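Undergrad: take this sequence and fold it.
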Amino acid sequence: MVDLPQLGHLSYPTFLQTHVKARPGLKLGDPGTFEQYIKRSALYWRGMVVPDSDLNNNELFHQLAEDSESVFWEALRSGFLRRAPRRDGRGNMLSQTEVAENLKRSSRERYEKIPAEYLRRLSAELDRTAADDAGLGWQVTDVTKIFGQHLLALLRDPQSRVKRSAPELHLIDRFEQWADDRVKAEVYFGAADLETELKGTAAPEVWGKVWPIALEAHAGNIPLAYRGNLPTLGLTEGSDRLIPAGPESTGVESQLETMGYVGGGAGIGFEIRMPVDPIGARFDINYPRLMELSLAEITELREASEPTTFMETRFTAAGSARNYAERARELNELTLAYEEKLMRTGVLLTERATRDAIRNDLTAQRMAQYLGAGRVDLGVSTSGSVELHVKGWIGDREVDLIAAATNPCTERGLRTVLFDLNLLHHILGPEGVALLNLDTDDDQFEWEMKRPDYRLLESLASPSIG
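TA: Numbers count the residues shown, from 1 in each chain. This is a model prediction of the structure:
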């Protein structure tokens, strides 16, 4: 595995996985849009990680690779776009060709969608950098185990049983018993195994209503294998049910999280706060200037602006609610210092500051009206920082923690340090979520950044919870 400090400087964009829905209006398959995204990301991250199977199978990459001089190939050659390779049970790293051959054995139809020339060139490029990618390897057995626990957690989530018919509830129970038996016996299985054994036991219309739970559990497990040490970037409107952040959360934080998940939000309350902060500069990307530069030139500008401390603090702050509370101001200051250095190179502009200050003031007032008088602590924020606090009682102690937060950097990402966006959507409702500015507004490249906390998923998979 790559050294943890260096791993924290990389990002894992979950929306580049093969089966993840794209943001409406965001056409990453357009070469110009993808080039903007890659070059913007290179200002704030030292690399981007994509699993081997997604590099093979995602039609987005097939489209982008048609131009042999595209930024897709440039990103691969430069090492900015990194492969997350799988290792088999003996610890051997599989090549792209071997991954494709495995797919061919399980689904020839899907295998035949991979253009032969694309696979040949991709394999050649990645074989050249295989030694560099070895540290990003993940074990197939680990991910398969995570799938089983992810499936059990979703099946035991109260939201999975809401508005279900009796036959659907019966099938959910069948899924749970089948999966629980295999997890306890440490028998590794996939969604296809469950489908093969149980599909014939239910009416088609009932199966069609319950099967999506297994598909949800099947997607997005590779990032969890890194145990929160590789930051993920996800769409704010994407599904991240039961995958909160905070791998360094304390026992108190985990207890409050469990209350939120098991109780569906009962017994906890939320407050929106905009901290008083004199740090007021905000920056826009100067895209005409950025697009003139090669990835190598952007890398040189980034490193000349000394991003290491900013990146390490960003990583640490996303580790838990306590971490974020302790490091938020430092992170803001480091972000500002880093972006001021970038501004001197001409790739950032300052026109956004006044507009955002006005918008954030309006957001605060509207959120105050939405949540009700007395529940909102409003400060005069010139920085654009927003914090969502969760409050609840653990024993005789009242706990107040940061559930989610935004940071005023140009690579503006929500940090969910407790819960996930799905639960926040459920508790706050669409209007509350929009007012909190968790949904993208005028920035098509706005993502949710977090460090997935696999420990809570393991806990929620246990029948003793709830």
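Undergrad: make sure Glu253 is actually in contact with Leu418.
TA: Yes: using C-beta atoms under 8 Å, Glu253 is in contact with Leu418, at 6.2 Å. All C-beta atoms are positioned from the backbone trio N, CA, C, and that covers glycine.
Undergrad: between those two, what contacts are shared?
TA: Common neighbours of Glu253 and Leu418 (criterion: C-beta atoms under 8 Å, 6 or more residues apart in numbering): Gly246, Ala321, Leu401.
Undergrad: residues contacting the first one?
TA: Think Gly246. Gly228, Glu253, Glu257, Ala318, Gly319, Ser320, Ala321, Val417, Leu418, Arg451, Asp453.
Undergrad: next: the last one.
TA: Counting by C-beta under 8 Å, 6+ apart, Leu401 touches Val252, Glu253, Leu256, Ala321, Arg322, Ala325, His389, Val390, Lys391, Val417, Leu418.
Undergrad: now go through the shared contacts of Glu253 and Leu418 and say which are in helices.
TA: Ala321 (DSSP state H).
Undergrad: any chance of TSV for the shared contacts of Glu253 and Leu418, columns distance to Thr33 and pLDDT?
TA: Output for the shared contacts of Glu253 and Leu418, formatted as TSV (distance: C-beta to C-beta, whole Å; pLDDT from 0 to 100):
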residue	distance to Thr33	pLDDT
Gly246	32	93
Ala321	35	94
Leu401	37	93
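Undergrad: pretty sure Gly234 sits in a strand.
TA: Yes: remark: Gly234 belongs to a strand, assigned using DSSP: H, G, I helix; E, B strand; the rest coil.
Undergrad: list the residues that contact Met291.
TA: Shown in contact with Met291 (C-beta under 8 Å, 6+ apart): Glu35, Gln36, Lys39.
Undergrad: before we move on, the earlier item: ok, the shared contacts of Glu253 and Leu418 vs Trp447, which is closest?
TA: Of all the shared contacts of Glu253 and Leu418, Gly246 has the smallest distance to Trp447: 17.7 Å, by C-beta to C-beta.
Undergrad: give me every residue that touches the residue nearest to Leu152 when sequence neighbours are not counted.
TA: Closest residue in space to Leu152, ignoring its immediate chain neighbours: Ala461 at 4.0 Å, by C-beta to C-beta, 6 or more residues apart in numbering. Going by C-beta under 8 Å, 6+ apart, Ala461 touches Gly148, Gln149, His150, Leu152, Ala153, Arg156, Val183.
Undergrad: my read: Leu460 touches Arg156, true?
TA: Yes: Leu460 lies in contact with Arg156 (C-beta under 8 Å); the separation is 6.6 Å.
Undergrad: which stretches of the stretch 351-466 of the chain form helices?
TA: 352-371, 421-435, 454-460 (DSSP state H, counting those that start in this stretch).
Undergrad: ok, for Glu398, nearest residue in space, not its chain neighbours?
TA: Nearest to Glu398 is Lys391, by C-beta to C-beta, 6+ apart, at 6.6 Å.
Undergrad: for that neighbour, give the beta-bridge partners.
TA: Judged by DSSP bridges, the bridge partners of Lys391 are Gly269, Asp400.
Undergrad: neighbours of it, just the number please.
TA: Using other C-beta atoms under 10 Å, Lys391 has 16 other residues around it.
Undergrad: thought it was touching Gly267?
TA: No: Lys391 is not in contact with Gly267 according to C-beta under 8 Å; the separation is 10.0 Å.
Undergrad: if we can go back for a sec, next up, the contacts around the residue nearest to Glu398.
TA: Ile268, Gly269, Phe270, Glu271, Glu398, Val399, Asp400, Leu401.
Undergrad: just the buried subset of the residues you listed, please.
TA: Neighbour counting with 16 or more other C-beta atoms under 10 Å marks Ile268, Phe270, Glu271, Val399, Leu401 as buried within these.
Undergrad: could you say which helix or strand holds Ser11?
TA: Taking DSSP states H and E as the definition, Ser11 sits inside strand 10-13.
Undergrad: and Val143, how many residues sit next to it?
TA: Using other C-beta under 10 Å: Val143 sits among 19 other residues.
Undergrad: also Trp73?
TA: Count around Trp73 with other C-beta under 10 Å applied: 17.
Undergrad: quick thing: my sequence starts at 103, can you match it?
TA: Sounds good: first residue 103 from here, last item Trp175.
Undergrad: and it, how far from Arg375?
TA: Plainly put, Trp175 is 45 Å away from Arg375 if you go by C-beta to C-beta, to the nearest Å.
Undergrad: now swap in Asp498 and tell me
TA: 25 Å.
Undergrad: those two: who's more crowded?
TA: Arg375 (19 against 5).
Undergrad: tell me if the more buried one really is in a strand.
TA: Yes: the assignment for Arg375 is a strand, going by three-state DSSP.
Undergrad: who's it bridged to?
TA: Residues in a beta bridge with Arg375, per DSSP bridges, are Asp479, Glu489.
Undergrad: still on that earlier bit, please check the contacts of Met393 and keep the buried ones.
TA: Glu137, Gln138, Lys141.
Undergrad: so which of the residues you listed comes closest to Arg207?
TA: Glu137 (35.7 Å).
Undergrad: circling back to that earlier point, among the contacts of Met393, which ones are in helices?
TA: Using DSSP H to define helices, the subset of the contacts of Met393 located there is Glu137, Gln138, Lys141.
Undergrad: and the last one, what is it in contact with?
TA: The contact partners of Lys141, taken as C-beta under 8 Å, 6+ apart, are Val173, Leu392, Met393, Leu395, Leu397, Ile400.
Undergrad: and the gap between the second one and Gly181?
TA: In other words, Leu392. For Leu392, the distance to Gly181 - C-beta to C-beta - is 20 Å.
Undergrad: got it, and the third one?
TA: Shown here: Met393 relative to Gly181, a distance of 21 Å by C-beta to C-beta.
Undergrad: counting neighbours around each, name which of Leu392 and Gly181 comes out higher.
TA: Shown here are Leu392 and Gly181; by other C-beta under 10 Å, Leu392 has more neighbours (21 against 14).
Undergrad: that one reaches Ile400, doesn't it?
TA: Yes: using C-beta under 8 Å, Leu392 makes contact with Ile400 at a distance of 7.3 Å.
Undergrad: what's the overlap in contacts for these two?
TA: With C-beta under 8 Å, 6+ apart, Leu392 and Ile400 have common neighbours Lys141, Leu145, Val449.
Undergrad: closest one to Val201 out of those, please.
TA: Among those, and counting by C-beta to C-beta, the member closest to Val201 is Lys141, at 28.2 Å.
Undergrad: Ile216 against Asn158, yeah?
TA: Yes: between Ile216 and Asn158 there is a contact at 5.7 Å, judged by C-beta under 8 Å.
Undergrad: shared neighbours of these two, anything?
TA: Among the neighbours of Ile216, those also in contact with Asn158 (C-beta under 8 Å, 6+ apart) are Ala202, Leu205.
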